[in-house]
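Visitor: 3D, please:
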Amino acid sequence: MTQELKISLRDVGVRFDVSARQDSLKSTIANALRRNKQRPERRMIHALKGVSLEIEHGERVGLIGLNGAGKSTILKVMAGIYPPTSGEARISGHVSAMFELATGFEMTQTGWDNIRIRGMLLGLTPAQVEERIQQIGEFSELGEFLDYPVKTYSAGMFIRLAFSVSTAINPEILLLDEVMGAGDVQFANKAKRRMHEFMEQGKILVFSSHSLEMLEAFCERVIWLRKGEIVMDGPSKHVLGEYERAAGQ
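Guide: Okay, here's the model as predicted:
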């Protein structure tokens with residue numbers, strides 16, 4: 001029986017300790033010589049606060065909010081990178097994520113080598129990577145640049161390579177963080193067609209972006225985040241309209 005894909009977050013909180021820990025040698029010695037030295041206060045950032053949501057099989061969900069709203073954090077909870085500090089996250093399905101562009105890349109290795117490395121990081125066996133490597137290379141349209149070290153690549157070339165590998169593995173849950181808007185127009189149109197093919201298979205897409213146009217084009221549901229909390233969750237057109245109105249105030 002086919003697994004029912006689902007993302008379920010229940011009262012999820014994520015906190016980060018941002019206390020200063022790297023004092024200089026001079027200040028460390030000075031502090032040690034002080035009498036009645038007080039320990040520095042721990043500073044905690046609440047990246048997510050009591051977030052609850054469910055995303056079902058076949059849904060295409062956008063995340064919107066200002067920088068620091070919690071969009072990247074919530075995606076990383078869904079990907080299993082950040083465990084919740086409180087609450088519970090349950091993910092049913094194989095996750096493929098595209099976050100920081102350099103993640104999973106070996107900068108001194110060629111594009112071909114990085115297809116192999118990234119493919120295996122995403123769960124493919126070496127044999128499965130070799131079966132798909134030519135198709136991945138052709139889709140990226142990087143041509144002879146695949147023979148060059150990726151440290152020579154532009155941001156757009158990174159996107160082409162990362163997107164080509166991440167979507168070639170036929171993921172069940174695809175998480176994207178601000179990666180669709182930086183490529184050239186021709187490749188962006190190819191990427192959109194592939195995304196539509198993916199979505200037609202009834203899987204799950206969660207897409208974070210500042211582009212209201214792209215969110216409306218790809219997602220039927222949008223979640224608006226502010227300071228780690230959900231402000232609104234509903235149909236894309238309605239939520240994006242409210243977000244625009246709030247931004248204009």
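
Visitor: can you give me the strands for the protein?
Guide: Ranges of strands in the chain, per DSSP state E, are 6-17, 44-56, 60-64, 86-92, 95-98, 173-177, 204-208, 221-226, 229-235.

Visitor: So which residues make contact with the fourth one?
Guide: Okay, so that is strand 86-92. 3-13, 50-52, 77-78, 80, 83, 173 (C-beta atoms under 8 Å, 6 or more residues apart in numbering). Placement of C-beta: from N, CA and C, glycine included.

Visitor: same thing but 10 Å
Guide: 3-15, 48-52, 54-55, 57, 74, 77-80, 82-83, 172-173, 204 (C-beta atoms under 10 Å, 6 or more residues apart in numbering).

Visitor: What subset of those is buried?
Guide: When the contacts of strand 86-92 are checked for burial by 16 or more other C-beta atoms under 10 Å, the buried set is 5-9, 12-14, 48-49, 51, 55, 57, 74, 77-79, 82, 172-173, 204.

Visitor: And the lowest mean pLDDT element among the helices and strands of this structure?
Guide: helix 25-33 (a mean of 58; mean pLDDT, DSSP states H and E).

Visitor: and the nearest residue to residue 128 once chain neighbours are set aside, how many neighbours?
Guide: Excluding its sequence neighbours, the residue lying closest to residue 128 (C-beta to C-beta, 6 or more residues apart in numbering) is residue 119, at 7.3 Å. Number of residues near residue 119 (other C-beta atoms under 10 Å) recorded here: 23.

Visitor: do residue 192 as well
Guide: Quick note: residue 192 (other C-beta under 10 Å) scores 14 neighbours.

Visitor: Please apply the same query to residue 229.
Guide: 15.

Visitor: cool, residue 47 as well?
Guide: Residue 47, neighbours per other C-beta under 10 Å, totals 22.

Visitor: give the contact list for it.
Guide: By C-beta under 10 Å, 6+ apart, the neighbours of residue 47 are 13-16, 68-70, 72-74, 76-77, 82, 85, 227-228.

Visitor: List the backbone torsions phi and psi for residue 107.
Guide: The phi/psi pair for residue 107 (degrees, to the nearest 10) reads phi -60, psi -30.

Visitor: ok, how many other residues are close to the nearest residue to it once chain neighbours are set aside?
Guide: Of all residues not flanking residue 107 in the chain, residue 151 sits nearest, at 4.1 Å (C-beta to C-beta, 6+ apart). Using other C-beta under 10 Å, the number of residues around residue 151 comes to 11.

Visitor: Test for you: state the pLDDT assigned to residue 151.
Guide: Note for residue 151: predicted pLDDT of 94.

Visitor: State whether it and residue 108 are indeed in contact, as I suppose.
Guide: Yes: the criterion here is C-beta atoms under 10 Å, and residue 151 meets it with residue 108 at 6.3 Å.
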